[in-house]
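[1] Sequence first, predicted coordinates after that:
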Amino acid sequence: MIYNNRVKRLVAVLLISSLISCPVSAQSFYKVLKVLDGDTFYIDLNSNGKIESEERVRVNGVDAFEVKLNAALQRQANLIGISDEEALKLGYLGKEFAKKSLLHKKVKVEYTANQQTDHYNRGIVSIYYDCDKNGYCKSYEQEVLKSGYALVYKPSNISKNLWQYQNIEKVRENIQNAQDLELVVLNKRSGRYHTLNCEYGWMSKRFGLIEKPRINFRKHPASCCHNVKPHHKEHTKNYKTYNKVVPADVQENNIELFFLNPIEQKKPTNKCVSDACKALLYNIDHAQESIDFAIYGIRRQDAIFEALIQAQKRGVNVRWVTDMNEKELNIYSDTYKLMKKLPTYNTDFESQQKEVDALTNYKIPHKAIMHDKFFIFDKKKVFTGSTNISDTCLTGFNSNVAVLINNPQVAEVFTEEFEQMYKGKFHNQKLAVHNNENIKVDNATVSIYFSPLNKASTEQIIPLIKTAKKSIYVPVYYMTRNDIIDELISAKKRGLDVKIIVDETAVNGQYVDIDYIKNGGVELKVEHWKGMMHMKSMIIDDSTLIIGSMNFTKQGENVNDENCLIIKNVPILTSAYKAHFLDLWKSIR
C-alpha cells in the first residue's frame, strides 16, 4: 500500500501539539529482531543489534489473536463466536504471518497513536514494509487485517480508517484451513510439551506455542496431560487415615481461615503440604455420612483423590459436580480418572445438552463454566474459597484463601445449591437459594450468594464499598468491573486506605486497567511470584471479609456457577487477613 501523506500529516500534527515525541525518522529503516505475536515485535530502533525492552512495539489499530490461553484470547474468541482452541490456532498462524512478512527485514516505523506508549510501555506504531525504490510500501496493519489474522482494535485513534480491511470471512476460512493443525504448549526449559487446555503448560515462564513434534528426541510429552503415566498411585490396601487436627492460620469460634502463601511455596507439588490441604484431607477422612462437593476439576493431588475414593468405600455417600467445556473437556487431567472411580457425578455440559434438546428456545450462556470450589461434610461443615484442587492452588504455589465453617445452616444453603447442580440444573437454569443471608455463626453473620442468580457484586459488594469507613484491601485474580473500580477510586478520594494486588496474567491479558486505577489514586501492585494471585477477596474495615470463587467480573456474576461469602463481625479473622495481605504487598517490589 502507498505510504501516504495522510499519515505523515498526522504525525506532524502530533509532534506540533507535543502529544508525542517521536525519536524515529519516518525515512529511516529499522530491523525487526523478534516477533512475539501477530501485532507485537522487537524492532532495533537504536541500531545496536540487541533485543532491548524499550524497543518493544505494538502495531496501532489492530488486535492480532493471542498465542497464549488467557482472558484476552477468550475475549477475542467470544467476539466472533469461535472456540479458544480455534483462536489459538489463528494466533499461531498470525505469528507465522508476521515472521514471514517482517522478521529480520528492515521496516519503516511511525508513532501514530495519541500516546507514544501504552501501559505496558510498548511503543504504539504503524509499520511499513517491502518498500520499492519509489517509496511505495505495504501497510502491515492493512495486510494482517486483509489476511484474516487480526481484528480492528476499536479503541485505537485510527480504527475508523481500518474497518474496510477487516475480513471476517477470511478469518473463518483460516479456521477451516487450520482444522488439522495440532498445536501444543512447549515448556522451553524442560523440553516437555503440554496440551492446549493444560493449565500447567501455560504457567511456565518460558513457553512457546508450536506444532506437535512428530519425531524429536529433545521434546517429550508432559505426563500431566498426555497420560504418559498415571498421576496418582492408589494405596487402597495400605491407606492410612489422616488423624491430625490441623490448626487454621486464624480461627474465630466456628469459622477458620487458611492462607495459601506463594512467598513460602516456590513450586507446585503433588504432596499435601499446606494446612488448607491437610484440613480438607482430615474432614474427608472423618466424614461419617455424606460428602457433596463442587470443583472446577482436580489435578495432581493424590492425597485428596485417594481420600475421596476411600470415603466411598467405607460407606460415605460421595457425590460431586464439575465443569465441562463445549468439547466435553475439563481443564484438569485427573478429573477424568476421578469420574471413573466416583461415577456419582454430574457436569454442566451434559445438563446443557439435555436442556437444549427439551427446550429449543433455550440459549446456553456462551463460555459459561462451573467454577465453584466447595465441599459439604455430613451436612454440617463447609470448606470453600478460591483454591482449586490442584498442585498449583491447594499447595500454596498460587495465592489463595480457604474457609472452613462449622454450621448446619450454612451447610444447608450450600446443599440446596449443590442439589440443583447434581440434578442437572446449572448456570441460569437454577433457582435462587433460600435463607442465605445473615446466618448467625456465633457472633458473626454469614451471607452466601451464588452466581448467576444472586448478584453479589452489584447488590452486595458495591454497597459495602460505598459505606466503608477506613480501608479496603483487594487481593484478586481478575477485576474487570468498572463499577467496582470506580467505587474503589471514590473510596480512595474519601480518604480510605485502598490497596489492590492483581495477577500478572490479568494485566497481560488487558483485564485490568492499571493506569485508570492508579490515576484515580488507588495503590495497585502486580504480583511477580512464580505462581499466581488467585484470590477473589476483599477485606473491608475491621470486621468484614468477602471470600469465594467469584472473580470481580461480569462473567463471574452473570454467567458462571460461583459462590461468594460475605462474613461480617469477625474482627479476629479480618485482622489476620489484613496482616497476610500486607505481607504479600511487601513481597512485591
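    Structure received. Numbering: from 1, shown residues only.
[2] mind giving me the domain ranges of this protein?
    5-174, 182-227, 250-587 (automatic domain parsing).
[3] ok now the last one, how far from the chain's centre?
    With Cα atoms, centre = their mean, to the nearest Å as the basis, domain 250-587 stands 13 Å off its chain's centre.
[4] what about that domain, start to end distance?
    21 Å (Cα to Cα, to the nearest Å).
[5] Could you tell me the least trusted of the domains of the chain?
    Lowest mean pLDDT of the domains of the chain: domain 182-227, a mean of 70.
[6] With distance to residue 244 and mean neighbour count added, can I get the domains of the chain in JSON lines?
    Glycine gets a C-beta too; all of them are placed from N, C-alpha and C. As requested, the domains of the chain are exported to JSON lines (distance: least, Cβ to Cβ, whole Å; neighbours: other Cβ atoms under 10 Å):
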{"stretch": "domain 5-174", "distance to residue 244": "38", "mean neighbour count": "18"}
{"stretch": "domain 182-227", "distance to residue 244": "29", "mean neighbour count": "17"}
{"stretch": "domain 250-587", "distance to residue 244": "7", "mean neighbour count": "20"}
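[7] Minimum distance to residue 240: which of the ones you listed has it?
    domain 250-587 (9.1 Å; Cβ to Cβ).
[8] and residue 149, how far is that from residue 94?
    Noted for residue 149: a distance of 3 Å to residue 94, by Cβ to Cβ, to the nearest Å.
[9] overlap in contacts of those two?
    Shared contacts of residue 149 and residue 94, defined by Cβ atoms under 8 Å, 6 or more residues apart in numbering, are found at 38, 64, 65.
[10] The first one against residue 65, yeah?
    Yes - using Cβ atoms under 8 Å, residue 38 and residue 65 qualify as a contacting pair, with a distance of 6.5 Å.
[11] which neighbours do these two share?
    What both residue 38 and residue 65 touch, as defined by Cβ under 8 Å, 6+ apart, is the set 91, 94, 149, 150.
[12] Need those in CSV (columns: distance to residue 485 and secondary structure).
    CSV is the format used below for the shared contacts of residue 38 and residue 65 (distance: Cβ to Cβ, whole Å; DSSP: H, G, I helix; E, B strand; the rest coil):
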residue, distance to residue 485, secondary structure
91, 28, helix
94, 31, helix
149, 32, coil
150, 28, strand
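[13] between the residues you listed, which is closest to residue 544?
    residue 91 (41.7 Å).
[14] need the contact list for the closest one.
    Neighbour list for residue 91: 37, 38, 64, 65, 66, 67, 68, 73, 209 [criterion: Cβ under 8 Å, 6+ apart].
[15] quick one: which of these is nearest residue 400?
    Checking the contacts of residue 91 against residue 400 by Cβ to Cβ gives residue 68 as the nearest, at 22.0 Å.
[16] so how far is residue 393 from that closest one?
    19 Å.
[17] The contacts of residue 91 in helices, which ones?
    Judged by DSSP state H, helices contain the following of those: residue 73.
[18] Would you map the helices across the stretch 251-400 of the chain?
    Assigned by DSSP state H, counting those that start in this stretch, the helices in the stretch 251-400 of the chain fall at 275-285, 302-313, 335-341, 348-358.
[19] I'd assumed residue 77 was in a helix, is it?
    Yes - according to DSSP: H, G, I helix; E, B strand; the rest coil, residue 77 belongs to a helix.
[20] Not including adjacent chain positions, what is the nearest residue to it?
    Distances taken as Cβ to Cβ, 6 or more residues apart in numbering put residue 87 closest to residue 77, at 4.1 Å, once the chain neighbours are dropped.
[21] That neighbour: what secondary structure?
    helix.
[22] That one contacts residue 66, correct?
    Yes - using Cβ under 8 Å, residue 87 is in contact with residue 66, at 7.1 Å.
[23] Please determine how far residue 556 is located from residue 212.
    Taking Cβ to Cβ, one finds residue 556 at 33 Å from residue 212.
[24] Then residue 67?
    Distance of residue 67 to residue 212, given as Cβ to Cβ: 15 Å.
[25] who are the neighbours in contact with residue 383?
    Residue 383 neighbours (Cβ under 8 Å, 6+ apart): 279, 280, 283, 374, 375, 377, 402, 403, 404.
[26] Isn't the fourth one up against residue 387?
    Read it as residue 374. No - taking Cβ under 8 Å as the contact criterion, residue 374 and residue 387 are not neighbours in contact, 10.6 Å apart.
[27] Pull up the overlap in contacts between those two.
    By Cβ under 8 Å, 6+ apart, no residue touches both residue 374 and residue 387.
[28] From the rest of the structure, what touches stretch 564-578?
    Contacts of stretch 564-578 (Cβ under 8 Å, 6+ apart): 249-252, 255, 257, 259, 384, 401, 403, 443-451, 454, 456, 460-461, 464, 471, 473, 536-537, 539, 541-550.
[29] Mind checking which of these land in helices?
    Short answer: the contacts of stretch 564-578 in helices (DSSP H) are residue 464.
[30] For the residue nearest to residue 241 when sequence neighbours are not counted, give me its contacts.
    Excluding its sequence neighbours, the residue lying closest to residue 241 (Cβ to Cβ, 6+ apart) is residue 285, at 4.7 Å. If you count contacts by Cβ under 8 Å, 6+ apart, residue 285 has them with 241, 242, 243, 307, 310, 311.
[31] Report the two of those residues separated the most.
    243 and 311 (14.6 Å).
[32] could you pull out the strands for the stretch 351-500 of the chain?
    Along the stretch 351-500 of the chain, the stretches classed as strands by DSSP state E, counting those that start in this stretch are 374-377, 381-385, 389-390, 400-406, 439-441, 444-451, 471-476, 497-502.
[33] so how far is residue 501 from residue 532?
    11 Å.
[34] give the contact list for residue 288.
    Contacts of residue 288 (Cβ under 8 Å, 6+ apart): 316, 378.
[35] got it, and the one 4 residues further on?
    Neighbouring residues of residue 292 by Cβ under 8 Å, 6+ apart: 319, 320, 375, 376, 414, 415, 418, 422.
[36] got JSON lines for those, with distance to residue 57 too?
    As requested, the contacts of residue 292 are arranged in JSON lines below (distance: Cβ to Cβ, whole Å):
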{"residue": "319", "distance to residue 57": "53"}
{"residue": "320", "distance to residue 57": "48"}
{"residue": "375", "distance to residue 57": "48"}
{"residue": "376", "distance to residue 57": "52"}
{"residue": "414", "distance to residue 57": "50"}
{"residue": "415", "distance to residue 57": "55"}
{"residue": "418", "distance to residue 57": "50"}
{"residue": "422", "distance to residue 57": "52"}
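[37] these two touch, right, residue 503 and residue 477?
    Yes - the pair residue 503 / residue 477 is scored as a contact, 5.0 Å apart, by Cβ under 8 Å.
[38] on that earlier part again, Serialize the helices of the stretch 251-400 of the chain to JSON lines and add fields for distance to residue 490.
    Below are these laid out as JSON lines (distance: least, Cβ to Cβ, whole Å):
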{"stretch": "helix 275-285", "distance to residue 490": "34"}
{"stretch": "helix 302-313", "distance to residue 490": "42"}
{"stretch": "helix 335-341", "distance to residue 490": "42"}
{"stretch": "helix 348-358", "distance to residue 490": "36"}
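[39] which among the contacts of residue 383 gets closest to residue 264?
    residue 402 (15.5 Å).
[40] re earlier: residues shared between the contacts of residue 87 and residue 66?
    73, 76.
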